[in-house]
Structures are given as structure tokens and as C-alpha cells.
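K.L.:
no FASTA, just this:
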């Protein structure tokens, strides 16, 4: 699981922010075949929290995918990533 708080400076409205966040979310889903959503800070004009989840049978692979997604967010976001958490759980 990846949780990232992103800052979107110079956004004029919540509608513009949602357009940017939803576009980024949709590209992440299509490219990496994961679940993704804006999970918090929906009413903030400047910040958004994006959550991404992947279920797989290899922890190293899952964490590698999350690192690639983080790099994708940093490259394609017209802002910057403020806080990131990557968390893995193993079930036997």
C-alpha cells in the first residue's frame, strides 16, 4: 500500500484540483493495474492524499511496483509529493 500527500500549488479551484488528481489516479490504474483513489483532503484546495493498493504473492515485487508508482507520481504531478508511506503486509 502506498499513501502519498501531494501539494498542488497554483490551483484555482477544487474542480481543477479534482481534475488533476483524477487524471493522475486513472493513469496510475491503467499503467500499473492497481487500485487507487483520493482517500483524504478532498476539500483542501492545495493538498490531496492519494492511496494505492496492490495484492500480490511477492513482497519484493509489490514494493518495487509501489516505488515505480511513486516515481510516476513525482514525474507527472504538477506539484510535489509532501509525505509518502509504503506499507506491506504478509499473510500466511
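P.N.:
It's in. Remember, it's a predicted structure, so these values are computed and weren't measured experimentally. Residues are numbered from 1 along each chain as shown.
K.L.:
mean confidence for stretch 65-75?
P.N.:
Stretch 65-75 shows a mean pLDDT of 95.
K.L.:
kindly report the same for stretch 36-52.
P.N.:
pLDDT averaged over stretch 36-52 gives 92.
K.L.:
quick one: residues in contact with that stretch.
P.N.:
The contact list for stretch 36-52, computed with CB atoms under 8 Å, 6 or more residues apart in numbering, reads 1-9, 11, 13-14, 17-18, 21-22, 24-25, 28-29, 32, 34-35, 53, 66, 69, 73, 82. Backbone N, C-alpha and C define where each C-beta goes, glycine included.
K.L.:
cool, and stretch 73-92?
P.N.:
Outside stretch 73-92, the residues that touch it by CB under 8 Å, 6+ apart are 1-9, 20, 24, 27-28, 47, 50, 59, 62-63, 66-67, 70.
K.L.:
just to revisit the earlier point, out of the contacts of stretch 36-52, which end up buried?
P.N.:
1-6, 8, 11, 17, 21, 24-25, 28, 32, 34, 66, 69, 73 (16 or more other CB atoms under 10 Å).
K.L.:
end-to-end on stretch 48-62?
P.N.:
When the termini of stretch 48-62 are compared using CA to CA, to the nearest Å, they are 23 Å apart.
K.L.:
what about that stretch, distance to the chain center?
P.N.:
10 Å (CA atoms, centre = their mean, to the nearest Å).
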